[in-house]
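> I would like to see how this sequence folds:
(one chain, ligands or ions: 2)
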Amino acid sequence: MADSAQAQKLVYLVTGGCGFLGEHVVRMLLQREPRLGELRVFDRHLGPWLEELKTGPVRVTAIQGDVTEAHEVAAAVAGAHVVIHTAGLVDVFGRASPETIHEVNVQGTRNVIEACVQTGTRFLVYTSSMEVVGPNTKGHPFYRGNEDTLYEAVHRHPYPCSKALAERLVLEANGREVHGGLPLVTCALRPTGIYGEGHQIMRDFYRQGLRLGGWLFRAIPASVEHGRVYVGNVAWMHVLAARELERRAALMGGQVYFCYDGSPYKSYEDFNMEFLGPCGLQLVGARPLLPYWLLVFLAALNALLQWLLRPLVLYAPLLNPYTLAVANTTFTVSTNKAQRHFGYEPLFSWEDSRTRTILWVQAAGSSAQ
Ligand SMILES: NC(=O)c1ccc[n+]([C@@H]2O[C@H](COP(=O)([O-])OP(=O)(O)OC[C@H]3O[C@@H](n4cnc5c(N)ncnc54)[C@H](O)[C@@H]3O)[C@@H](O)[C@H]2O)c1
Ligand SMILES: CC(C)CCC[C@@H](C)[C@H]1CC[C@H]2[C@@H]3[C@H](O)C=C4C[C@@H](O)CC[C@]4(C)[C@H]3CC[C@]12C
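Ligands and ions are numbered 1, 2, ... in the order given. All right, here's what the predicted structure looks like:
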């Protein structure tokens with residue numbers, strides 16, 4: 001990609017490009033990547049909004065495909081200069097089997113890597129996750145940690161296990177020779193809990209509050225800090241990392257970067273209220289209304305019910321033993337590695353991120369009524 005930006009127009013591929021994060025990456029690339037000649041959007045489920053993007057100067061190619069199908073991935077990757085791999089099963093609610101989560105998140109990532117090697121694509125940015133690190137199975141807090149913080153990253157849940165394995169595959173692939181004889185350059189970005197326009201869990205909390213007459217009931221202590229990051233800033237970090245990966249290959253290749261911004265450190269529920277409060281909801285209780293042991297019991301009951309009902313119906317509530325543990329464990333990051341390595345600074349302030357999210361929640365809520 002050494003030619004000047006004006007001379008050579010590049011081909012980008014975004015896997016999972018129709019997802020919550022993927023859509024923001026697609027739109028950010030079209031707005032802020034001047035070298036873009038063709039943008040390929042690869043997803044199992046293509047969004048109708050893609051059609052509106054085809055009227056611009058950049059060629060937008062929608063590809064309906066499955067990352068678990070190696071030949072479909074290879075066909076999509078062939079000829080691309082850069083791959084941004086966001087496709088994945090983000091399932092901590094038991095909707096998909098552990099095997100399926102592994103197949104998509106690990107084998108799908110393996111297929112992307114092998115497609116880059118076989119077709120000569122040299123630059124790969126992978127969307128990893130904070131959960132590659134923690135919270136761990138022992139509930140150890142991770143307080144304002146960074147990429148070098150020592151932490152016992154032990155997991156049992158299929159989702160964090162799959163993300164950790166996929167991330168390792170991506171980092172180990174850095175330096176492999178691709179078709180044409182040049183080295184593959186990879187990096188992985190670890191967002192904390194992403195929020196913003198399109199965040200379905202936030203929408204579900206809002207609708208739950210509307211159903212309960214405008215009330216939500218505290219379940220998590222306010223003292224538990226959770227790191228959250230605005231989706232627009234996550235998209236921006238992906239665009240920037242993809243742009244700088246060639247120029248700074250020696251520095252960035254094989255590296256991981258936490259992805260966060262100026263969003264305040266708060267408990268998961270208190271943070272959500274930054275948006276749900278202005279939308280008319282109130283969080284009842286300065287402390288959790290139910291004792292922790294009762295929440296543990298209810299979470300275990302939900303897990304049992306999910307198992308019993310699985311042959312008949314999918315029962316996948318927000319509360320389960322894993323989500324309760326994650327929600328009750330402090331996990332916040334504080335680092336400048338992405339800034340030092342490729343100049344990342346959040347594109348959206350906290351105030352702007354908050355306003356945009358509130359407007360979206362209000363629109364999403366009104367569409368629910
Ligand atoms: N949401 C978060 O808080 C968060 C935080 C950190 C990292 N991440 C990571 O970001 C990425 C995107 O997450 P998201 O929140 O946007 O999830 P999402 O479910 O909204 O988007 C994932 C996209 O991948 C697509 N996909 C799933 N399986 C596929 C397959 N087999 N083949 C092709 N496409 C497939 C889906 O159709 C969807 O459009 C994931 O890799 C996730 O692990 C998410
Ligand atoms: C019913 C309550 C006790 C729990 C409700 C909140 C729960 C659903 C939330 C709390 C923490 C959330 C996770 C956290 O933001 C980080 C990630 C990593 C990311 O890669 C995928 C999403 C995930 C797992 C969030 C899912 C929703 C969680 C568990």
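> Flag every residue of the chain that's near ligand 1.
Residues of the chain that fall close to ligand 1, judged by Cβ under 6 Å from any ligand atom: 16, 18-22, 43-45, 66-68, 86-90, 104, 108, 127, 129, 163, 191, 193-194. C-beta: built from backbone N, CA, C; applies to glycine.
> Tell me which entries of the residues you listed lie within helices.
Applying DSSP state H to these, the entries found in helices are Phe20, Leu21, Gly22, Gly108, Lys163.
> among these, which two are most distant?
Farthest-apart pair in these is Phe20 and Gly108; separation 17.3 Å (Cβ to Cβ).
> From the residues of the chain next to ligand 1, list the ones also adjacent to ligand 2.
Counting by Cβ under 6 Å from any ligand atom, Val90, Ser129, Gly193 from these sit close to ligand 2.
> Columns distance to Thr330 and neighbour count on top of the residues you listed, output as a markdown table?
Formatted as a markdown table, these follow (distance: Cβ to Cβ, whole Å; neighbours: other Cβ atoms under 10 Å):
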| residue | distance to Thr330 | neighbour count |
| --- | --- | --- |
| Val90 | 21 | 21 |
| Ser129 | 17 | 24 |
| Gly193 | 13 | 19 |
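> At which residues are the strands of the stretch 51-200 of the chain located?
With DSSP state E, counting those that start in this stretch as the criterion, the stretch 51-200 of the chain has strands at 59-64, 82-85, 123-127, 142-145, 185-191, 193-195.
> closest one to Ala303 among the ones you listed?
strand 193-195 (21.8 Å).
> got the contact list for that closest one?
20-21, 130, 202, 226-231, 234, 263, 268, 271, 275, 353, 357 (Cβ atoms under 8 Å, 6 or more residues apart in numbering).
> try it again with 10 Å
By Cβ atoms under 10 Å, 6 or more residues apart in numbering, the residues outside strand 193-195 that reach it are 20-21, 24, 90, 127, 129-131, 199, 201-202, 226-235, 259-260, 263, 268, 271-272, 274-275, 326, 331, 353-354, 357, 360-361.
> for Leu216, helix, strand, or coil?
When classified by DSSP: H, G, I helix; E, B strand; the rest coil, Leu216 comes out as strand.
> wait, what's in contact with Ala164?
Residues near Ala164 by Cβ under 10 Å, 6+ apart: Asn105, Val106, Ser128, Ser129, Glu131, Val132, Val133, Ala153, Val154, His155.
> redo that, cut-off 7 Å
Going by Cβ atoms under 7 Å, 6 or more residues apart in numbering, Ala164 touches Val132, Ala153, His155.
> Only the buried subset of those, as a PyMOL command please.
To isolate the buried members of the contacts of Ala164 in PyMOL, using 16 or more other Cβ atoms under 10 Å:
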select buried, resi 132+153+155
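> can you pull the pLDDT of Arg59?
For Arg59, the pLDDT comes out at 97.
> quick one, helices of the stretch 151-300 of the chain?
Under the criterion DSSP state H, counting those that start in this stretch, the stretch 151-300 of the chain contains helices at 158-173, 200-211, 231-244, 249-252, 268-276, 292-309.
> tally of neighbours for Arg228?
When neighbours are defined as other Cβ atoms under 10 Å, Arg228 has 23 of them.
> Does it touch Ser263 like I think?
Yes: between Arg228 and Ser263 a contact is recorded at 4.8 Å, counting by Cβ atoms under 7 Å.
> which parts of the stretch 201-350 of the chain sit against ligand 2?
Within the stretch 201-350 of the chain, the positions near ligand 2 by Cβ under 6 Å from any ligand atom are Ile201, Ala219, Ile220, Tyr268, Leu318, Leu319, Thr323, Leu324, Val326, Ala327.
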